[in-house]
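S.K.: Give me coordinates for this.
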Amino acid sequence: MDIDGHGDGEENLGAAAELQNNSKNLDSEKTKGKCKLYVGSQSLGYRRDYMEVLSPLKNGVVVDWNIVDNIWDHALRDCLLVDPKERPMLLSEPCNNTQEQRERTAELMFEKYKVPALFLAKNAVLTSFASGRATSLVIDSGGGSTTVAPVLDGYVLQKAVTTSPIGGEFLTDCLMKSLEGKGITIKPRYAFKKKEIRPGNIQTVNLDFPHTTESYKLYSQVRSCSNIFFPYVICPLAADCLL
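M.R.: Residues are numbered from 1 along each chain as shown. So this is what the prediction gives:
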């Protein structure tokens, strides 16, 4: 979000880092100065004017390395409280990761974070080893895609990997469209408040925030829908299922 805009980000908690202008993601009128990036679900839980919600991933592959860089900063320095210069790094990667993505990851880890050692492991291999097996068929169903990968003696059979764009986000989108078709609209939590008219009688009052972006409104609706209808998902398979 624009530092010089109407937001009140300085008064709020959350990991923040400065970014240069990114005309592809933000409106040009709001990126004349530097921008502030808020990382983490707690920071996004507080509504701010003109704040856009961006994702660095598309179909499980990184498309915006500036955002990923700040997420790693937040994870290492604010969550784990570790110095990456003192610890070897183990990173997981999707089975459809490209050589360019791997090189970019290694470049950031060695040149920026100065890690002493780095190892990139496939998600399917780590899941198979976590189940105590070197050979298995791993089904990884995440938010943006679903991947089926065979693992043989600790190695992924790359030519046999199958990926589908159907994931948790797709299911949530279908649920929201189904509710809209029945005339039910999911209202974001920031858009209303509860008011007690008299003891035992509570009424909701709508709140108007005209400077809220469509991306943040959609993020809040999807989050509310996920928390209400998909609080827990139990998978009977011995696989890596993250819906």
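S.K.: Nearest spatial neighbour of Ala106, chain-adjacent residues omitted?
M.R.: Using Cβ to Cβ, 6 or more residues apart in numbering and skipping the chain neighbours, the partner closest in space to Ala106 is Leu118 (6.0 Å). Glycine gets a C-beta too; all of them are placed from N, C-alpha and C.
S.K.: One more: Pro84?
M.R.: Tyr113 (3.9 Å).
S.K.: so that neighbour makes contact with Lys85?
M.R.: Yes: using Cβ atoms under 8 Å, Tyr113 is in contact with Lys85, at 7.1 Å.
S.K.: higher neighbour count, these two?
M.R.: Tyr113 (17 against 9; other Cβ atoms under 10 Å).
S.K.: distance of the more buried one from Ile184?
M.R.: Plainly put, Tyr113 is 46 Å away from Ile184 if you go by Cβ to Cβ, to the nearest Å.
S.K.: can you check Leu90 too?
M.R.: 45 Å.
S.K.: Check the protein and tell me which residue is nearest its centre.
M.R.: The geometric centre of the chain, computed from its C-alpha atoms, lies nearest to Ser55 (Cα atoms, centre = their mean), at 6.1 Å.
S.K.: pLDDT weak spots in the chain?
M.R.: In the predicted model of the chain, residues 1-33, 228-243 satisfy pLDDT under 70.
S.K.: What are the neighbouring residues in contact with the nearest residue to Leu137 once chain neighbours are set aside?
M.R.: Of all residues not flanking Leu137 in the chain, Pro150 sits nearest, at 5.3 Å (Cβ to Cβ, 6+ apart). Under the criterion of Cβ atoms under 8 Å, 6 or more residues apart in numbering, the neighbours of Pro150 are Ser136, Leu137, Val138, Val156, Leu157, Ala160, Val161.
S.K.: Can you tell me the element Pro150 falls in?
M.R.: Here Pro150 sits within strand 146-152, counting by DSSP states H and E.
S.K.: do the same with Met51
M.R.: Going by DSSP H and E, Met51 is not in any helix or strand.
S.K.: Can you give me the separation between it and Phe192?
M.R.: Relative to Phe192, and taking Cβ to Cβ, Met51 is found at 19 Å.
S.K.: Pro88 contacts Phe110, doesn't it?
M.R.: No: using Cβ under 8 Å as the test, Pro88 is too far from Phe110 to be in contact (11.7 Å).
S.K.: So between the two, which is more surrounded?
M.R.: Just comparing Pro88 and Phe110: by other Cβ under 10 Å the higher neighbour count belongs to Phe110, 14 against 10.
S.K.: Confirm the more buried one sits in a helix?
M.R.: Yes: under DSSP: H, G, I helix; E, B strand; the rest coil, Phe110 falls within a helix.
S.K.: Need the buried ones from the contacts of Pro150 selected in ChimeraX.
M.R.: Buried residues among those (16 or more other Cβ atoms under 10 Å), as a ChimeraX selection:
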select :136,138,156,161
